[in-house]
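1. Sequence and predicted structure are below.
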Amino acid sequence: MREKRRRRGAGGIACVVCGWRAPDALGPRAWNAVHLHHVLPAACGGADTPDNLVALAPNPHALAHAAWSRAGGRWA
């Protein structure tokens, strides 16, 4: 959560896959619409550090988790 606040204060958060930003119409909750995803999952020892977190829109985030699950808990 701390990293999300830092990125929001640094000019907002955009998805690294598609560039989507939450619409301003969502108001102060807009920054919750973009998710921070662990590159190396926390369950596998991944840290909550900036170099292990990427911003993803909801759909790319769901696809990332689906790909991880299909590969048996490893990146294909």
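-> Perfect, I can see it now. Keep in mind that what you see is a predicted model, and the values were worked out from it rather than measured.

2. What are the boundaries of the strands in this protein?
-> 35-38, 53-56 (DSSP state E).

3. Deepest-packed of those strands, please.
-> strand 53-56 (a mean of 20; mean count of other C-beta atoms under 10 Å). Every residue, glycine included, has its C-beta placed from N, CA and C.

4. Given that strand, what are its sheet partners and their directions?
-> strand 35-38 (antiparallel) (DSSP bridges).

5. The partner strand - what's its average pLDDT?
-> Taken as a whole, strand 35-38 has a mean pLDDT of 88.

6. next one: stretch 24-31
-> Rounded mean pLDDT across stretch 24-31 is 70.

7. circling back: just put the strands of the chain in JSON lines and tack on distance to Cys15.
-> As requested, the strands of the chain are arranged in JSON lines below (distance: least, C-beta to C-beta, whole Å):
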{"stretch": "strand 35-38", "distance to Cys15": "9"}
{"stretch": "strand 53-56", "distance to Cys15": "5"}
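
8. out of those, nearest to Trp68?
-> The minimum distance between Trp68 and those falls on strand 35-38, with 10.0 Å, by C-beta to C-beta.
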